[in-house]
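K.L.:
Got a sequence here, can you model it:
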Amino acid sequence: MLFRRLHHRLIGSMVGLMVVFVLAVGFTLHWSIRQSLENALGDKLQAVALSLAARYTPEEILWMKQGVGDRYRHRFLEPLNRIRKQSDIQRVCIFSIENESWLDTDTTRFHGQIYYQHLFFQQEMAALRKSKASHTLLFTDIDNRPMMAGFAPLIIADSTAGGIGVFGNAHFLGTVDDFNRRILTIGALGMGLAIVMAYILSRSVTKPVAGLVRASRQIGAGHYTDPIPPAGTSEIGELSKTMESMRMNVI
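P.N.:
Numbering: from 1, shown residues only. This next block holds a predicted model:
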């Protein structure tokens, strides 16, 4: 019973260490990869917003503020839609510093509509008021899709008149999920291998110890004729030699 418990403890210890190692490595890699992809997407959206903001002159910004007709509206929206498609972006919007819509690639939005969603982007809106570009953290939209947004200021006479918002879908989360599944698969295979190795290792330790215990019981019962079997060259082997020497001295 003693050696069975020792046998199980050795297996449990190795498997436990393997589980901790796989979880620690998997969590660290998951976090670092996700953070890197989030930062890359945020930087991309912010860069696109800055490049769009640089296209507009102060006069064009004033036209958008006042509300353009259908002809000029199409003229302003055409490059936004083209860049949106080329850059795999979900949506582009242009708005006032008070978060009133000026232009939007989403045709359901109209001029003067308030973007209440921007109330959740307080840090980014504060950066816009300081004429600074920024991007959000990952968030979920109304359709439960993972999204990020980049913002850039529209400046007239050294003051921010409005901003450009560029929204992108976080497609990379599917890649991260695939990576997690692979980590779990590798971890399961590693734990199976750890169980086999732990079994072999524990047997190599407990088997010679069990032999020494049986021999010591024989000596304790007064039977000195049976020699104590050698147990290799390890510490257990040295113990078996010592016990054999003790048996010979008793004889």
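K.L.:
what's the distance between Ile142 and Gly165?
P.N.:
In this view, Ile142 and Gly165 are 15 Å apart by Cβ to Cβ, to the nearest Å. (Glycine included, C-beta is placed from N, CA and C.)
K.L.:
actually Trp102, sorry about that
P.N.:
According to Cβ to Cβ, Trp102 stands 11 Å off from Gly165.
K.L.:
So for the two, which residues contact both of them?
P.N.:
By the contact definition Cβ atoms under 8 Å, 6 or more residues apart in numbering, Trp102 and Gly165 are jointly contacted by 94-95.
K.L.:
Between Ile142 and Gly165, which is the more surrounded one?
P.N.:
Neighbour totals were compared for Ile142 and Gly165, and Gly165 leads with 25 against 7 (other Cβ atoms under 10 Å).
K.L.:
my guess is the more buried one contacts Phe95, does it?
P.N.:
Yes - in this structure, Gly165 is within contact of Phe95 by Cβ atoms under 8 Å, at 6.8 Å.
K.L.:
Which neighbours do the two have in common?
P.N.:
Counting by Cβ under 8 Å, 6+ apart, the residues touching both Gly165 and Phe95 are 115, 118.
K.L.:
where are the low-confidence patches of this protein?
P.N.:
In the prediction, the chain carries residues with pLDDT under 70 at positions 1-8, 10-11, 68-72, 172-177, 179-180, 201-213, 215, 218-244, 246-251.
K.L.:
Regarding it, what is its longest helix?
P.N.:
The helix spanning the most residues in the chain, taking DSSP state H as the definition, is helix 2-53.
K.L.:
Report all helices and strands that the helix or strand just after that helix contacts.
P.N.:
The helix or strand immediately downstream of helix 2-53 is helix 58-66, counting by DSSP states H and E. Helices and strands touching helix 58-66, by 3 or more Cβ pairs under 8 Å, 6 or more residues apart in numbering; DSSP states H and E, are helix 70-86, strand 101-104, strand 146-156, strand 159-169.
K.L.:
Recalculate using a threshold of 10 Å.
P.N.:
Applying 3 or more Cβ pairs under 10 Å, 6 or more residues apart in numbering; DSSP states H and E, we find helix 58-66 packed against helix 70-86, strand 91-96, strand 101-104, strand 146-156, strand 159-169.
K.L.:
So which of these is nearest Phe121?
P.N.:
Each of the helices and strands packed on helix 58-66 has some distance to Phe121 by Cβ to Cβ; the shortest is strand 146-156, at 7.1 Å.
K.L.:
Just the CA trace of that closest one, in CSV.
P.N.:
Extracted in CSV, the C-alpha atoms of strand 146-156 (Å, rounded to 0.1, in the frame of the first residue of the first chain):
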residue,chain,number,x,y,z
PRO,A,146,-15.6,42.2,-31.8
MET,A,147,-14.5,45.6,-33.1
MET,A,148,-11.9,48.3,-32.7
ALA,A,149,-11.9,51.9,-33.8
GLY,A,150,-9.3,54.5,-34.7
PHE,A,151,-9.8,58.2,-34.5
ALA,A,152,-8.1,61.3,-36.1
PRO,A,153,-8.9,65.0,-35.7
LEU,A,154,-10.1,67.3,-38.4
ILE,A,155,-8.4,70.7,-37.7
ILE,A,156,-9.4,74.2,-38.8
